[in-house]
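Peer 1: Predicted model and sequence follow; I will ask about them next.
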Amino acid sequence: MGALDGKVAIVTGSGGGIGRCHALALAKEGAKVVVNDLGGDRSGDGGGAMMADKVVQEIKDAGGDAAPNYDAVGSFENGEKIVASAFDAFGRLDILVNNAGILRDKTISKMEPAMWDTVIEVHLRGTFACLQAAFRRMREQGTGGSIINTSSTSGLIGNFGQGNYGAAKAGVYGLTRVASMEFQKFNVRVNAITPVALTRMTDDLPAFQGGALDDLSPAHISPIVVYLASDDAKDITGKCFDVGGQHLGMFEVKRSTGADKPGTEPWTLAEIKEDIGKIMAWD
Ligand SMILES: NC(=O)c1ccc[n+]([C@@H]2O[C@H](COP(=O)([O-])OP(=O)(O)OC[C@H]3O[C@@H](n4cnc5c(N)ncnc54)[C@H](O)[C@@H]3O)[C@@H](O)[C@H]2O)c1
């Protein structure tokens, strides 16, 4: 008996890297999986059926059930098509993992408009479009669901040279929070992860060089996704899990206690100067 027997999942961008590991892990627990991938290179250029087909075959060879989908995540139209493919293949949808992603790194002063637009389109609009289409179908289906979005420390902490990517990933975090509130009464849970793994996306980044890293294989990311997809996580929504190697933890945006000026007048510059230590303190 698997933890996901009878459930149907979509994993976007699951022809390689972390997404492939999610698809294999979800299938191992009994889910039927739509393996979505446009089959392009790291920057999103090119395309083909081979990447998705290969993972579908891997799942079938291991005794699971899967179907491919080759639509590029990014447009609202394709969001509908990707979600519809789960109904075409398996007749329902219980789990959506928004994982597809690309990089077009440049410092902000050198970033061209197309680099901004494409990264925002794939990560932020793509996540929104799939999430919206999935939620509408899950609500209609009436049996709840689990959506897991992929954010990044680049968005929540920051990373040099990733203004487009960081902005998109911070947006994915905000979207996760809002969607978790809006979907709660329909029993559709929405959580996020910030993965750290050695894939073609990261293998040449400075932070991933040198031998001091633990095992950062993408397979380490998937167990928490399987858990969040399962009924064991039925009370968990709106959360963001930090995962990489042997580590599992949380990210949360918090408001500090701050300082309150008595009365109704705005703060003066002199008062801010005087109290800046208190205003910026965390405890
Ligand atoms: N690897 C890390 O350390 C790390 C860190 C933070 C966040 N992430 C995020 O994790 C996710 C997976 O990244 P990865 O490291 O496995 O990278 P990867 O390049 O190995 O995998 C990304 C996959 O998405 C597919 N893809 C790209 N654009 C697509 C589109 N428009 N439609 C459908 N498929 C598309 C690619 O073909 C590829 O198979 C991404 O969202 C990435 O931003 C990764």
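Peer 2: Thanks, I have it. Quantities reported herein were computed from a predicted structural model and do not represent experimental measurements. Residues are numbered from 1 along each chain as shown.

Peer 1: Contacts only, for the residue nearest to V8 when sequence neighbours are not counted.
Peer 2: Closest residue in space to V8, ignoring its immediate chain neighbours: F90 at 4.4 Å, by Cβ to Cβ, 6 or more residues apart in numbering. (Glycine included, C-beta is placed from N, CA and C.) Taking Cβ atoms under 8 Å, 6 or more residues apart in numbering, we find F90 in contact with 8, 32, 34, 65, 67.

Peer 1: top of these by neighbour count?
Peer 2: Within the contacts of F90, most neighbours by other Cβ atoms under 10 Å means V34, with 30 neighbours.

Peer 1: Check the spacing between the nearest residue to that residue once chain neighbours are set aside and M51 real quick.
Peer 2: In space, and not counting its chain neighbours, V34 is closest to I10: 4.3 Å by Cβ to Cβ, 6+ apart. Going from I10 to M51 by Cβ to Cβ, to the nearest Å gives 15 Å.

Peer 1: what's downstream of the longest strand seen in the chain, the next helix or strand?
Peer 2: Taking DSSP state E as the criterion, the chain has its longest strand at strand 188-196. Sequence-wise, the next helix or strand downstream of strand 188-196 (DSSP states H and E) is helix 222-229.

Peer 1: So is that following helix next to the ligand?
Peer 2: No: judged by Cβ under 6 Å from any ligand atom, helix 222-229 makes no contact with the ligand; its nearest approach is 10.9 Å.

Peer 1: tally of neighbours for A233?
Peer 2: A233: 17 neighbours (other Cβ under 10 Å).

Peer 1: which one of I10 and M51 has more residues nearby?
Peer 2: I10 (31 against 23).

Peer 1: Can you give me the pLDDT of the more buried one?
Peer 2: Listed pLDDT for I10 reads 99.

Peer 1: just A212 next, same as before
Peer 2: Reading off the model, A212 has pLDDT 49.

Peer 1: One more: P206?
Peer 2: 74.

Peer 1: so who does it touch?
Peer 2: So P206 contacts nothing (Cβ under 8 Å, 6+ apart).

Peer 1: what does A49 give?
Peer 2: A49 neighbours (Cβ under 8 Å, 6+ apart): 39, 68, 70.

Peer 1: hang on, the earlier thing: what strands line up against the longest strand of the chain, and which way round?
Peer 2: strand 145-150 (parallel), strand 240-244 (parallel) (DSSP bridges).

Peer 1: Spell out which parts of the stretch 1-150 of the chain neighbour the ligand.
Peer 2: 12-13, 15-19, 36-40, 42, 44, 51, 72-74, 99-102, 122, 126, 150.

Peer 1: I figured D242 hits E252, correct?
Peer 2: No: counting by Cβ atoms under 8 Å, E252 is not a contact partner of D242; they are 9.9 Å apart.

Peer 1: Of those two, which one has the most company?
Peer 2: Using other Cβ under 10 Å as the criterion, D242 and E252 rank with D242 on top: 19 against 11.

Peer 1: Then A25 would be within a helix, right?
Peer 2: Yes: assessed with DSSP: H, G, I helix; E, B strand; the rest coil, A25 lies in a helix.

Peer 1: tally of neighbours for it?
Peer 2: A25 has 21 nearby residues by other Cβ under 10 Å.

Peer 1: Check the gap between it and G19 for me.
Peer 2: Noted for A25: a distance of 11 Å to G19, by Cβ to Cβ.

Peer 1: circling back to that earlier point, now render the strands paired with strand 188-196 as a markdown table, adding distance to M181 and mean pLDDT.
Peer 2: Output for the strands paired with strand 188-196, formatted as a markdown table (distance: least, Cβ to Cβ, whole Å; pLDDT from 0 to 100):
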| stretch | distance to M181 | mean pLDDT |
| --- | --- | --- |
| strand 145-150 | 13 | 99 |
| strand 240-244 | 14 | 98 |
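
Peer 1: Pick the most buried one from these.
Peer 2: Sort the strands paired with strand 188-196 by mean neighbour count, taking mean count of other Cβ atoms under 10 Å, and strand 145-150 sits at the top with a mean of 26.
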